[in-house]
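**Student:** Okay, sequence plus prediction incoming.
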Amino acid sequence: MKIEELRKLREKVQEELKLRESIEPKVKIIVSMGTSGIAAGAREVLKAFLDEISKRGLKDVIVLQTGEKGLASAEPLVEVITPEASITYGRVTPEVARRIVVEHVINGRIVSEYVV
Amino acid sequence: MIQRAHVLVCMGAGCVSAGSELVKKRLEEKIKEKELDVEVRIIGTGCMGPCERGPIVLVYPEGAFYQKVGLSDVDLIVEEHLLKGRVVKELLAKDEAAVRVSKEEIPFFAKQEKIVLANCGVIDPENIEEYIAANGYEALARVLERMTPDEVISMMEKSNLRGRGGAGFPTGLKWRFVRSAKGEPKYVVCNGDEGDPGAFMDRAILEGDPHAVLEGMLIAAYAVGSKQGYIYVRAEYPLAIKRLQIAMEQARKYGFLGKNILDTGFSFDVELRIGAGAFVCGEETALLASIEGRRGMPRSKPPFPATHGLWGKPTLINNVETYANVRHIILNGPEWFRSFGTDSSSGTKVFALSGKVKNTGLIEVPMGITLREVVFDIGGGIINDGKFKAAQIGGPSGGCLTERHLDLPLTYESVKEAGAIVGSGGLIILDENTCMVELARYFLEFCQLESCGKCIPCRVGTKRMLEILERITQGAGKMEDINELERLGNWVQQASLCGLGQTAPNPVLSTVRYFREEYEAHVIQKKCPAKVCVSLIKYLILVEKCIGCGRCAKVCPVKAISGAIRKPHFINSEICVKCGECKKVCPVNAVIID
Ligand SMILES: Cc1cc2nc3c(=O)[nH]c(=O)nc-3n(C[C@H](O)[C@H](O)[C@H](O)COP(=O)(O)O)c2cc1C
Ligand code: SF4
Ligand code: SF4
Ligand code: FES
């Protein structure tokens, strides 16, 4: 391995370790994972978020879970917190999750038809 | 795919012995079962610090610090925390000190400064890529890329790093000696013998961050001009040996060890040498003899290993923790390093905190911190709200610090002035229930047994001292004995060849200095004030308290207790073997020690 290769490898693996530092990430995506959330497909939504984020190599984005939000009819619920605002989406499907990543997280445009 | 949660399971020796391997296995099974295995990563790490609370499981991103985790707790953590995202508060609250969610808020960690241990308990020591992610091998890259050996040595000198193996010798200066020594080849040796009873700093570093030690050795090798290194670890550290072997193998595979490292033309490789676990083999000349395959016996210095080391060639020998500091100095600069600690004692020191404090375990603190902060802030105070009596610092070569030293900053100089040494990092806190005479006897016995026997003052002198101490603890001491201990002690210190003999009397001399009245109580009143020395105590039943339940009589192994049921019982001290069982079972605390 050459010195440049070491530094390239570091860049690749460094992202993973960020999770273990107690620093606030720029964007937080919080998926509501109560019993009704899970029943409505929250797990698939969560996986779609993770998949889309890694595919696009996004940094400073963290996916969290939370318990019941008390809005069972709109599950799966997802809250997206950016430095600008905190938006709650309802009836999120895996496809919507991918749209949220592209439109909201990357381009800063809120996906208004799913906001609750 | 990226993961959303990292579950760190402590795989340090303390947690492993508390069952963390089973905990990790169960976690892996559970996570598979819940189909969380792609998004949640499980990592085994080195020691996180509070070993006695193991097994420890740390869940990120929340940083939830679960302690004393049992197998059923694992199920809860998976179902509640990992699946539903709810931190399991009940589990955190198992322990009064841990009601807080994140690790940073726990007082045990608040006053610590983790430089050497920064990766320990955070990365997977068996995965070189995690080390690389944590800036691993970057210091080596920078050194090879743009520094001359002299620049490296100057930087080490400016940092003021002193050897962490006990003597505190300036590291940069030692490197300079080896660099300018004549003779080829030169060797770089890592001292991982760690023979002090109760010490486990070096073990934890080797287990938790083995690459940091390798990187420190690589940089040292470049600086002094060496191609071959040896790491000496005792056989009692199988986990450290295993992790080192894995680390060395991976480092070779990635091209950090071997020929033409990082394509710069620099070559270096290391070999592991396993020691049989004799305390004296930690002494540098004995250690070198042992590596050469000879019996581990010290020889007189000079000549020093820097000029006449392994096979008579110039050899650099440093301690595990010393090497682990190197990369941080290269990466952050000597001024940064000196910003921790005091002018004469820079940086941090790792201690194995044990004894009668509430929180024991592995800690790293800036040098110059006071004993009070260590005992009361990090250690959480004395167990059972008892009273602090003394701290034994520096292991069997060290001495004790007392109440009047509580505000003493822990530096090489100030501790030495108080009659002890910082040493390699053993720190045992003692409360009122510790007999200082017995403590001195214990450490002296250790050194007496470990003496290699080469010189008479050490071999015979420590034996005579031990006999006197045994006499005193058995109530057969005379007043002259105390002075004789001091006379003999000074003599053994001055006339012994190596550090073992030169320091063996330290615990005795320092306890005589600070606790003379306790020695006198043993000799004159034939009493052990701490009620520890078996020959000087007596078990008694208080007539007015005894309810005659008869439980003591039932457990007494030698039938020394008599008395009718519901009538006061009596102990026949002629028969009593002082096992203490009766005291444990008495429901009304009627059994006392006199
Ligand atoms: C009896 C005895 C035991 C020692 N044990 C150790 C040990 O276990 N580990 C260690 O690093 N140094 C030990 N030392 C100190 C070494 O001789 C040597 O000073 C040290 O390894 C140098 O490394 P440093 O400058 O990095 O501290 C011991 C010394 C004596 C006299
Ligand atoms: S001082 Fe003790 S341990 Fe050291 S060489 Fe002499 S006899 Fe051996
Ligand atoms: S101390 Fe042990 S031997 Fe003595 S009386 Fe109590 S139980 Fe019996
Ligand atoms: S071994 Fe787990 S905390 Fe020390």
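**Tutor:** Nice, thanks for sending it over. Please read all numbers here as calculations on a predicted model, not as lab measurements. Ligands and ions are numbered 1, 2, ... in the order given.

**Student:** Show me which strand runs longest in chain B.
**Tutor:** Longest strand in chain B, counting residues (DSSP state E): strand B:266-275.

**Student:** Restrict that strand to CA atoms and write it as PDB.
**Tutor:** Extracted as PDB, the C-alpha positions of strand B:266-275 are listed here (Å, rounded to 0.1, in the frame of the first residue of the first chain):
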ATOM      1  CA  PHE B 266      11.700   1.700   4.900                       C
ATOM      2  CA  SER B 267      11.600  -1.800   6.300                       C
ATOM      3  CA  PHE B 268      10.800  -3.100   9.800                       C
ATOM      4  CA  ASP B 269       9.200  -6.200  11.200                       C
ATOM      5  CA  VAL B 270       8.400  -7.400  14.700                       C
ATOM      6  CA  GLU B 271       8.400 -10.700  16.500                       C
ATOM      7  CA  LEU B 272       6.500 -11.700  19.500                       C
ATOM      8  CA  ARG B 273       8.200 -13.200  22.600                       C
ATOM      9  CA  ILE B 274       6.200 -14.800  25.300                       C
ATOM     10  CA  GLY B 275       7.500 -14.500  28.800                       C
END
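
**Student:** next helix or strand past that strand?
**Tutor:** helix B:284-291 (DSSP states H and E).

**Student:** could you say what helices and strands that following helix packs with?
**Tutor:** Other helices and strands packing on helix B:284-291, by 3 or more CB pairs under 8 Å, 6 or more residues apart in numbering or on different chains; DSSP states H and E, are strand B:187-192, strand B:228-234, strand B:266-275, strand B:315-319. Bear in mind the C-beta positions are built from the backbone N, C-alpha and C, glycine included.

**Student:** Same list (the ones you listed) but as CSV, adding mean neighbour count, mean pLDDT and distance to B:Glu470.
**Tutor:** Below are the helices and strands packed on helix B:284-291 laid out as CSV (neighbours: other CB atoms under 10 Å in any protein chain shown; pLDDT from 0 to 100; distance: least, CB to CB, whole Å):
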stretch, mean neighbour count, mean pLDDT, distance to B:Glu470
strand B:187-192, 28, 98, 33
strand B:228-234, 22, 97, 29
strand B:266-275, 17, 97, 30
strand B:315-319, 27, 98, 34
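
**Student:** Export these to TSV and append columns for distance to B:Tyr222.
**Tutor:** TSV is the format used below for these (distance: least, CB to CB, whole Å):
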stretch	distance to B:Tyr222
strand B:187-192	10
strand B:228-234	11
strand B:266-275	6
strand B:315-319	11
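
**Student:** Residues in contact with stretch B:322-339: which ones?
**Tutor:** For stretch B:322-339, contacts defined as CB atoms under 8 Å, 6 or more residues apart in numbering or on different chains pick out B:115-116, B:118, B:135-136, B:138-140, B:142-143, B:152, B:155-156, B:158-161, B:163-165, B:171, B:190, B:205, B:209, B:212-213, B:215-217, B:219-220, B:346-347.

**Student:** whoops, I mixed them up, stretch A:58-74
**Tutor:** For stretch A:58-74, using CB under 8 Å, 6+ apart, the contacting residues are A:15, A:18-19, A:25-37, A:46, A:49-50, A:53, A:75, A:77, A:79, A:90-91, A:101, A:105-106, A:116, B:4, B:61, B:83-86.

**Student:** Would you check that B:Thr264 makes contact with B:Leu144?
**Tutor:** Yes. Using CB atoms under 8 Å, B:Thr264 makes contact with B:Leu144 at a distance of 4.3 Å.

**Student:** who's more crowded, these two?
**Tutor:** Neighbours were counted for B:Thr264 and for B:Leu144 using other CB atoms under 10 Å in any protein chain shown; B:Leu144 has more, 19 against 15.

**Student:** what secondary structure does that one sit in?
**Tutor:** For B:Leu144, the assignment made with DSSP: H, G, I helix; E, B strand; the rest coil gives helix.
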